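[1] With the sequence up front, the predicted model follows.
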Amino acid sequence: MEPIAYQLIRSDRKTIAIQITPEGTVLVRAPRRAAQAQIQAFVESKRGWIQSHLAAIPKISPAEALSDADIRALADQALSLIPKRVAHFAPLVGVTYGGITIRNQRSRWGSCSARGNLNFNCLLMLCPAEILDYVVVHELCHRKEMNHSPRFWAEVERVLPDYRRREAWLKANGGAILARMTAGHTNF
Ligand SMILES: [Zn+2]
C-alpha cells in the first residue's frame, strides 16, 4: 500500500489528530515530541477513514455553466432525495416542518420560513451527500432558532458534531458551484 501523504503540524498539544481540508489535504496535528513512527502508525490506523473522506470530495469542473436540461435533472434528483433526508433528520433535530420546495438559486443553499416551509437549492445535488445533510440539518435547526446564535450552532453540533468541517467545505467550494447557475433560468 502507498503511504498516505500528509502535512504534519506540530504544536503544544497532547494528542494526534487528523483533519482533511475541503481541498483534500490531509493535515496531521501532533505533539512536539511525538515520534515519527508513532505519528505514522496513527495515520495508518486511520487509513480507511482518510480514504473515505478523500473519496467524498467531488471533482468539480470550474465555472462550467449548467444548461436548462442540467438544472431540470438536478431538480428532479433533488425532489426525490431531499425530502427523504429532511424526514430522516427532522426527528433527530426534534422539529416538524411544512412544505419542501426545490429552487435554483445563485445566492443560497437553503432557507426556512417562520412557518417551517423549507427551500433547498437544486445545486446541492452537485455537493457531496454529507454537505447536503449539513444544509438539511442547518435549515431544520432554524425551526428551533431563527438566527445564527450560539444556541443555534450548539443545536447543529448536537446532531452533526463535525458540522464545522462541512461548513468549511461549503465556504471553500460552494461559490464555484453556485457560479454554475447562470442568469435567466426559470424555476422548475
Ligand atoms: Zn442559517
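    That came through fine.

[2] Can you tell me the element the spatially most central residue of the chain falls in?
    Of all residues in the chain, the one closest to the mean position by Cα atoms, centre = their mean is residue 131, 2.3 Å from it. Following DSSP states H and E, one finds residue 131 within helix 129-141.

[3] Quick one: mean pLDDT over that helix.
    The pLDDT scores in helix 129-141 average 97.

[4] same thing with stretch 24-44?
    So the average pLDDT for stretch 24-44 ends up being 93.

[5] Flag every buried residue along the helix or strand of the chain with the lowest mean pLDDT.
    Ranked by mean pLDDT, DSSP states H and E, the weakest helix or strand in the chain is helix 47-55, scoring a mean of 89. By neighbour count with 16 or more other Cβ atoms under 10 Å, helix 47-55 contains the buried residues 50, 53. Quick note: C-beta positions are derived from backbone N, CA and C, even for glycine.

[6] What of stretch 122-134?
    Neighbour-count burial for stretch 122-134 [16+ other Cβ under 10 Å]: 122-128, 131-134.

[7] Between those residues, which sits nearest residue 23?
    Closest to residue 23 out of the buried residues of stretch 122-134 is residue 128 (13.3 Å), distances taken as Cβ to Cβ.
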